[in-house]
Structure formats: structure tokens, C-alpha cells
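S.K.: Here is my input, please return the structure:
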Amino acid sequence: MVSTAGIVIIGDEILSGRTKDTNSNWLAKELNLLGIRLKEITVIPDHKIRIIDLVKSYSKKFTYVFTCGGIGPTHDDITTESVAEAFNLKLEKNKEAMKRLEIHYKNSKIEFNEARQKMAIIPIGAKLIDNPVSAAPGYIVENVYVFAGVPQIMHSMFGGISNQLTGGKYIF
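M.R.: As a prediction, the model looks like this:
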């Protein structure tokens, strides 16, 4: 059986043209190298119901789902609450995520305020994805891998989990 994938790019800034999506192209190439057949890519706004519906749909259709965007400290970063709702999970301030962020901000001149602490709020039971660039972790819920939208951060997160993915022969 061939492993399949869907990518969900989340962000009003992509749809408005303010930010160029390079994540889907980069991920497509990486998945291809792993022998995972990318079947769909969808770019959607920061809209809770749309995120919930697409994550649920993709999770049923594909072996792997990768989301990019919407897990930062700003008010429009609603991916985490949407993914939790898609899987009927409660959110928690994850102790390990908090520890990683506290260490990161302790060594910087940036205040570790409540908005930044939001990046430690993760669905209960999710597995953390390391973020060697800025410490705020992504996470995995079932077959959904939730990544940051910043390309450098997303690349490093994917690098940390790619050896856990089951693919096949190089596709093209």
C-alpha cells in the first residue's frame, strides 16, 4: 500500500498575497523523496470551521496530514484550538512545551509574556515535535502533523519527524 499525504496551508497572509507559500513546494519534494504520494494541497484562511472540517476530512483520506501555520502567539493563530476541536480533545498548557519555551526566552531579551505562553498550549495527548529554531513545538495528533508556518522552522520540524514516516520507493 502506498502512503499518501495532504497538506493544509493556513493563513490569511498567504491568501492575501502578503506572504508567499513556499512550504507546500518544499514539503512536496521531501515527501516525494520518502516515497509518500502527495494527493492534495489546500490553502485556507484563519477560519476555525474551515480548519476543523479540512483537518477531519484529510485525516480520513490520507495516511499523513501536514498543516503549516497558525500556531504562533498572535490572536489569529487558531490552528491548535481548531485541531483539538476536530479530534474532540481538550487543550492544556503542556509542561514540556512550557519548559522548552522558558529556557529559550530566559536566554533572550524577549519577555515570555502570556501571548508567547500560548505556544505551549497543546491538545491533551498530542506528541510534541521539536523546534530547534525557536523552541515553540509543533505536535502530532493521530495522523496530523502540525507545523509552524515560518519556512525555516517548518523545515527543522519536518527534519525531526521525517524518519518516523513510512513511505516507499522514490516516486519521480
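S.K.: looking at the chain, which helix or strand does the model trust least?
M.R.: Taking mean pLDDT, DSSP states H and E as the measure, the chain has helix 114-117 as its least confident helix or strand, at a mean of 91.
S.K.: Now do the buried residues in that helix.
M.R.: Residues of helix 114-117 classed as buried: 116-117 (neighbour count, 16 or more other C-beta atoms under 10 Å). The C-beta positions use only the backbone N, C-alpha and C, and glycine is treated the same way.
S.K.: Show me what the helix ranked longest in the chain is packed up against.
M.R.: Of all segments of type helix in the chain, defined using DSSP state H, the longest is helix 48-61. Applying 3 or more C-beta pairs under 8 Å, 6 or more residues apart in numbering; DSSP states H and E, one finds that helix 48-61 contacts strand 4-10, strand 37-44, strand 64-68, helix 79-86, strand 144-147.
S.K.: Pull out the buried residues from it.
M.R.: For helix 48-61, the neighbour count (16+ other C-beta under 10 Å) marks 51-52, 54-59 as buried.
S.K.: out of those residues, who's nearest A5?
M.R.: Distances from A5 to the buried residues of helix 48-61, taken as C-beta to C-beta, are shortest for Y58 (8.8 Å).
S.K.: so who does that closest one touch?
M.R.: Residues in contact with Y58 (C-beta atoms under 8 Å, 6 or more residues apart in numbering) are 6, 8, 40, 65, 144.
S.K.: Look at it and report its pLDDT.
M.R.: At Y58, the model reports a pLDDT of 98.
S.K.: Next: N32.
M.R.: The model reports N32 with a pLDDT of 93.
S.K.: tell me what the strand or helix carrying it is packed against?
M.R.: Assigned by DSSP states H and E, N32 belongs to helix 23-34. Contacting helix 23-34 under the criterion 3+ C-beta pairs under 8 Å, 6+ apart are the following elements: strand 4-10, strand 37-44, strand 64-68, helix 151-161.
S.K.: how does it look with 6 Å?
M.R.: Using 3 or more C-beta pairs under 6 Å, 6 or more residues apart in numbering; DSSP states H and E, the elements in contact with helix 23-34 are strand 4-10, strand 37-44.
S.K.: before we move on, back to that, could you dump the helices and strands packed on helix 48-61 to CSV with distance to A136 and mean neighbour count?
M.R.: Output for the helices and strands packed on helix 48-61, formatted as CSV (distance: least, C-beta to C-beta, whole Å; neighbours: other C-beta atoms under 10 Å):
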stretch, distance to A136, mean neighbour count
strand 4-10, 16, 24
strand 37-44, 21, 16
strand 64-68, 14, 28
helix 79-86, 11, 22
strand 144-147, 11, 26
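S.K.: What's the end-to-end length of stretch 35-55?
M.R.: End-to-end distance of stretch 35-55: 22 Å, with C-alpha to C-alpha, to the nearest Å as the criterion.
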